[in-house]
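Novice: Sequence plus predicted model, see below.
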Amino acid sequence: MNQEIIGRDRVYEEVKSAISSALGVDQASILAASVLTRDLGAESLDFLDISYHLEQTFGFKMARHFVLEHAEEMFGEGKAIDENGCLTAEAVKLLRLRFDGDPDFLMPGMDMDEVVHLVTVDSLVNNVLDILDSLPETCPACGHGMWKTEDGTHILCGSCGAAASYKSGDDLVIDWLKGVQEKERLF
């Protein structure tokens, strides 16, 4: 369901707040196209802090594993990341689909640790919106479809007051990979 209860602007402000809190940077310096590592100085542990902040803000679970880790688990070891920890040609195609564009620096054989440079503020906003859009049509507890928010970030059932339940970020990545594999036959 494409929920319209929490809009992109609110999500963007909350993502900026999470990044600012984790990295100690001024929110005014955080732009939609900012790369978290290169432009804002994020390191690997900072991603956990940002994810935790967003989970607490919205009441859902962000993905714990990157798309390539899921691809390896689903399609077999060595399909996306070779024995030297480098991207395969199929992994590059997959990442270009995932990140809506054609990042010039993506090339087969590049170290997978460089992939983190694809994560922008805007890609985080899209991840949050994807999870929020997994809101079910009706409340699993009472069957009514009267979702609302009282604080602007947590969605509740307007009938019984139950907190909304969403697919996890990992489940959404797995669903996306299944759809890509069915359509593109990359692996």
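Specialist: Right, received. Where do you want to start?

Novice: among the helices and strands of the chain, which one scores worst on average pLDDT?
Specialist: Sorted by mean pLDDT, DSSP states H and E, the helices and strands of the chain end with helix 89-98, the least confident at a mean of 94.

Novice: Contact partners for the closest residue to Asp113 other than its chain neighbours?
Specialist: Sequence neighbours aside, Gly85 is the residue nearest to Asp113 in space, at 7.4 Å (criterion: Cβ to Cβ, 6 or more residues apart in numbering). Where C-beta positions appear, they are placed from N, C-alpha and C, glycine not excepted. If you count contacts by Cβ atoms under 8 Å, 6 or more residues apart in numbering, Gly85 has them with Asp111, Met112, Asp113.

Novice: nearest to Ser29, of those?
Specialist: Proximity to Ser29 was ranked across the contacts of Gly85 by Cβ to Cβ; first place goes to Asp113, at 25.1 Å.

Novice: how close does the closest one get to Leu68?
Specialist: Distance check for Asp113 against Leu68: by Cβ to Cβ, to the nearest Å, it reads 11 Å.

Novice: for Asp46, same thing?
Specialist: Noted for Asp46: a distance of 20 Å to Leu68, by Cβ to Cβ.

Novice: likewise Met74?
Specialist: Noted for Met74: a distance of 11 Å to Leu68, by Cβ to Cβ.
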